[in-house]
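Student: Sequence plus the predicted model coming up.
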Amino acid sequence: MPETQDLSARRAGLTPEQRAQLQQRLRGAAQAVASAVPLPQAIVGRSAPGRTALSAAQQRMWFLWQLDPTSTAYHVSGGLRLDGAVNQAALVASLHALVERHESLRTVFAEAADGSAEQCVQPAGRMDLPSLDLRGMPPDAQEARRSDAVQKLRGTPFDLSTGPLMRVLLIQRDELAYELLVVMHHIISDGWSVQVILDELAVQYAARVRGQVPVLQPLPIQYTDYAAWQAQWLASGEGDRQLAWWRAKLGQEQPALSLPTDRPRRGDGRYRAAQHRMVLPESLVLTLRRAAQGKGATLFMALLSGFHALLHRYTGQADVRVGVPVANRNRTETVGVVGFFVNTQVLRARLDGRLDGAALLEQTRDTAIGAQTHQELPFEHLVAAMRPERSLSTSPLFQVMFNHLRRDHRSLADWPGVTVGRLDFDEEAAQFELTLQTCETGAGQVEAAFIYAAELFEAQTMERMAGHYIALLQALAEHPDQLVGEVPLLGQAEQAQLAAWGDNRQGHGAPVPVHELFERQALAQPQAPALVFGEEHLSYGELNARANRLAHRLVRLGVRPETRVGILVERSTEMVVGLLGILKAGGAYVPLDPEYPPERLAYMVQDSGIALLLTQSHLSGAIPPASGLDVLALDTLQLSDEPEHDPKVPLHAENLAYVIYTSGSTGRPKGAAVRHGALHSCMAWMQQTYALNASDTVLHKAPFGFDVSVWETFWPLTTGVRL
């Protein structure tokens with residue numbers, strides 16, 4: 001439950017008896033101030049149980065169960081380790097009293113005549129406590145039997161229509177060693193309810209062991225009363241008011257979070273859950289608390305800010321939405337009731353390169369406070385109103401979850417003659433691709449667990465992500481003025497790994513421009529076939545001579561190293577001659593695909609700074625008007641008076657070879673400038689890895705404005721192969 005719930009913080013410091021007294025006092029205080037402070041209509045208890053409609057959250061859970069009755073993703077599991085002489089009769093009686101007291105624990109669900117679902121409270125029957133006796137078994141056999149029993153208890157699907165929707169098992173491992181395991185379906189319970197059950201079970205058991213009558217204040221309502229009240233609340237117009245706030249907060253567009261995964265996503269969205277656990281350093285937690293307090297925020301808000309920053313850094317997205325569960329028990333009538341009250345909020349963060357840690361924390365604080373005052377709108381109604389794109393493979397409105405808890409162990413000390421510890425179980429099915437769960441323990445520590453879809457992420461990925469989260473939290477706490485996008489994420493080990501990966505020197509020798517490698521092939525085998533286009537065949541000697549004549553003309557026109565020359569041609573002999581001629585003259589070619597829209601061509605001409613354009617005569621209409629370019633048509637250009645020998649223009653590895661423009665899918669196209677040294681390394685690696693030989697032929701198929709065309713053109717021509 002998020003830390004903004006002050007009621008949760010107060011409850012954490014009380015014994016079960018004190019909590020019950022607090023609930024009574026809160027109800028009295030509410031009545032005392034009713035005349036002074038206008039309050040929404042109170043939730044009224046019914047006189048007798050019957051068939052009632054589902055709450056909004058239960059309707060969603062019913063729908064999900066109907067889609068997949070075998071899923072265990074919404075099982076709520078917990079348990080207690082009991083060391084001592086357990087009074088099993090008192091334990092059974094206490095469990096029976098809990099089921100009798102809380103109608104949710106004996107509720108089933110059915111489809112009404114009109115197709116809607118109803119919840120039906122069953123009579124409180126005799127409570128059975130199944131047990132498993134492992135005494136006297138060898139440790140390995142005992143653990144195997146226990147593991148099988150736990151798996152069956154937690155992994156068996158619930159039938160919402162027949163129930164029961166709570167299962168209990170008592171395992172005895174030794175004379176004075178027990179485990180009490182409980183599994184419930186989420187449709188009747190939530191995390192707060194588990195704490196209510198633990199508190200009341202302690203009170204019930206302690207009284208019975210001492211021969212006393214358990215004393216608990218009568219419940220003012222049952223969960224079905226809340227479901228009926230919620231329907232009235234929504235019909236009154238208050239839901240529309242809160243919905244308007246959420247619409248304004250989330251905006252019209254609902255972008256999905258594109259979190260990079262190690263493996264492709266599945267179409268059905270069903271994944272096994274795995275976890276990476278850690279404990280935050282105590283010094284970091286202390287510094288975070290101080291930093292948060294300085295901004296009028298809480299530890300919950302600081303931890304969420306760090307998570308927002310982490311997701312931004314991993315995805316590059318400026319609009320990040322995270323699901324955050326809230327207890328949704330801001331009415332005193334609901335505090336001690338077992339039921340599915342929890343609601344989910346969508347907390348949005350907007351990040352850019354100018355946002356520092358302090359500003360992000362302030363933004364998160366304001367968002368969380370506003371969300372708390374509008375927490376009663378059911379998530380299901382928000383989804384219906386926002387109408388995001390729906391898919392079985394992903395959740396609507398958000399794809400990752402953040403859950404902040406406070407763990408209260410105080411009731412565990414109230415078992416006479418028994419030392420009690422809490423048992424926690426890892427989730428078996430992942431509800432979301434990623435959930436970060438942080439938990440404040442009684443010792444002041446903060447535990448964190450990255451719960452992730454095992455089929456999507458490797459364990460090492462989550463381990464690295466956890467380290468990056470720590471780095472962002474440290475920056476948030478210690479350097480709040482540092483920009484979120486500039487926080488160093490990599491530790492020393494990761495930096496060393498990247499350096500090792502980047503050290504890929506292969507010993508290709510001194511860089512040689514690709515046109516010089518082509519010239520060597522022309523000298524060594526001038527009669528070998530170099531280029532085939534339709535019925536036209538050129539040998540290496542013929543292709544080299546044609547490219548040389550063009551290169552000499554370009555040199556006379558002023559082309560020299562670093563001069564950018566545009567080339568607007570279709571796939572043809574002229575294309576290859578033009579590319580080689582530009583490089584031989586020392587220039588860098590800028591490919592302009594005639595299929596591009598005129599406005600894109602005009603932009604590329606202007607942005608690249610070319611003054612000379614090589615083209616074909618039939619493409620004159622594609623030349624941007626008023627460009628002021630000197631234009632040469634390669635198919636009609638007279639070059640017979642130019643020399644055929646290699647120009648031998650001096651070049652070095654850092655001279656520019658070509659500039660290819662990106663697609664512009666994320667904005668305007670950008671020119672990627674590649675130098676001769678890099679081009680030589682690429683061609684050498686291609687030949688070393690794939691090794692063309694004289695009998696090979698390479699098909700040129702990519703548009704020459706696409707980077708793949710570079711190796712398709714020069715790899716065969718630098719290795720003596722036919723193109």
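Tutor: Received it, and whenever you're ready, just let me know what you need.
Student: you'd agree Cys439 is in a strand?
Tutor: Yes: per DSSP: H, G, I helix; E, B strand; the rest coil, Cys439 lies within a strand segment.
Student: That one: what's it in contact with?
Tutor: Residues near Cys439 by C-beta atoms under 8 Å, 6 or more residues apart in numbering: 404-407, 446-449. (C-beta placed from N, C-alpha, C; glycine too.)
Student: do Pro594 as well
Tutor: Counting by C-beta under 8 Å, 6+ apart, Pro594 makes contact with 568-570, 619, 622.
Student: from memory Ala56 sits against Pro378, does it?
Tutor: Yes: if you go by C-beta atoms under 8 Å, Ala56 and Pro378 touch, sitting 3.4 Å apart.
Student: Quick check: the residue nearest to Gln122 when sequence neighbours are not counted vs Leu717, distance?
Tutor: Nearest non-adjacent residue to Gln122, counting by C-beta to C-beta, 6 or more residues apart in numbering: Arg106, 4.5 Å away. Distance of Arg106 to Leu717, given as C-beta to C-beta, to the nearest Å: 81 Å.
Student: Arg210 now?
Tutor: 94 Å.
Student: In terms of neighbours, single out the busier of those two.
Tutor: A count of neighbours by other C-beta atoms under 10 Å puts Leu717 above the other of Arg210 and Leu717, at 26 against 10.
Student: Next, the more buried one: phi, psi?
Tutor: With angles defined as degrees, to the nearest 10, Leu717 sits at phi -70, psi -20.
Student: Contacts only, for the residue nearest to Gln122.
Tutor: With contacts defined as C-beta under 8 Å, 6+ apart, Arg106 is in contact with 99, 121-125, 163-164.
Student: Equivalent analysis for Val324, please.
Tutor: Listed by C-beta under 8 Å, 6+ apart, the contact set of Val324 reads 2, 304, 344-347, 368, 371, 401-404.
Student: How confident was the prediction at the residue nearest to Gln122?
Tutor: pLDDT for Arg106: 95.
Student: any idea how far it lies from Leu98?
Tutor: 10 Å.
Student: low-scoring stretches of the stretch 601-723 of the chain, by residue?
Tutor: Applying pLDDT under 70 to the stretch 601-723 of the chain flags residues 626, 665-667.
Student: cool, and the stretch 201-350 of the chain?
Tutor: In the stretch 201-350 of the chain (pLDDT under 70), no residue qualifies.
Student: Tell me which stretches of it form strands.
Tutor: In the stretch 201-350 of the chain, the segments counted as strands under DSSP state E, counting those that start in this stretch are 273-279, 319-326, 343-350.
Student: ok so Gly421 is a helix residue?
Tutor: No: counting by three-state DSSP, one finds Gly421 to be strand, located in no helix.
Student: For beta bridges, what are the partners of it?
Tutor: Judged by DSSP bridges, the bridge partners of Gly421 are Arg81.
Student: how near is it to Ala413?
Tutor: For Gly421, the distance to Ala413 (C-beta to C-beta) stands at 11 Å.
Student: surely Leu361 meets Ser305?
Tutor: Yes: using C-beta under 8 Å, Leu361 makes contact with Ser305 at a distance of 4.8 Å.
Student: Now list whatever residues contact both of these two.
Tutor: With C-beta under 8 Å, 6+ apart, Leu361 and Ser305 have common neighbours Leu476.
Student: Looking at these two now, which is surrounded by more residues?
Tutor: Ranked by neighbour count (other C-beta under 10 Å), Leu361 and Ser305 place Ser305 first, with 30 against 27.
Student: contacting residues around the more buried one?
Tutor: 349, 357, 360-361, 363-364, 476.
Student: Now do it against Met127, distance only.
Tutor: 46 Å.
Student: Then Ala611?
Tutor: From Ala611 to Met127 the distance is 90 Å (C-beta to C-beta).
Student: do Ser116 as well
Tutor: 31 Å.
Student: what's the helix or strand for the residue lying farthest from the centre of the chain?
Tutor: Taking C-alpha atoms, centre = their mean, the residue of the chain most remote from its mean C-alpha position is Asp641, at 64.9 Å. Per DSSP states H and E: Asp641 is located in neither a helix nor a strand.
Student: List phi and psi for it.
Tutor: The phi/psi pair for Asp641 (degrees, to the nearest 10) is phi -90, psi 0.
Student: ok, the residue nearest to Ser395 when sequence neighbours are not counted - how many residues close by?
Tutor: Using C-beta to C-beta, 6+ apart and skipping residues adjacent in sequence, the residue nearest Ser395 is Phe432, 6.1 Å away. Residues lying near Phe432 (other C-beta under 10 Å) number 19.
Student: Need the three-state assignment for Phe432.
Tutor: coil.
Student: from what I can see it touches Thr344, true?
Tutor: No: using C-beta under 8 Å, Phe432 makes no contact with Thr344, being 10.7 Å away.
Student: which neighbours do those two share?
Tutor: By C-beta under 8 Å, 6+ apart, the residues touching both Phe432 and Thr344 are Gly323.
Student: Tell me how far Asp268 lies from Asp148.
Tutor: For Asp268, the distance to Asp148 - C-beta to C-beta - is 28 Å.
Student: My reading is that Val559 lies in a strand. Confirm?
Tutor: No: per three-state DSSP, Val559 lies outside any strand segment and is coil.
Student: count of residues packed around it?
Tutor: Look at Val559: counted by other C-beta under 10 Å, it has 23 neighbours.
Student: my read: it touches Gly581, true?
Tutor: No: contact criterion C-beta under 8 Å: Val559 and Gly581 do not qualify, at 9.2 Å.
Student: list the contacts for Arg668?
Tutor: Contacts of Arg668 by C-beta under 8 Å, 6+ apart are Tyr603.
Student: tell me the SS of it?
Tutor: coil.
Student: At the geometric centre of this structure, which residue sits there?
Tutor: Short answer for the chain (C-alpha atoms, centre = their mean): Leu259, at 4.2 Å.
Student: what's the spacing between that one and Gly621?
Tutor: 47 Å.
Student: Kindly report the same for Asn330.
Tutor: Relative to Gly621, and taking C-beta to C-beta, Asn330 is found at 70 Å.
Student: higher neighbour count, these two?
Tutor: When Asn330 and Gly621 are compared for neighbours, Asn330 comes out ahead with 16 against 8, by other C-beta under 10 Å.
Student: Phi and psi next, for the more buried one.
Tutor: phi -80, psi 0.
Student: try Gly628
Tutor: Per degrees, to the nearest 10, the backbone of Gly628 is at phi 70, psi 20.
Student: Next, the contact list for the nearest residue to it once chain neighbours are set aside, please.
Tutor: What sits nearest to Gly628 in space, not counting adjacent residues and going by C-beta to C-beta, 6+ apart, is Ala611, at 7.7 Å. Contacts for Ala611 were tallied using C-beta under 8 Å, 6+ apart; they are 628-630.
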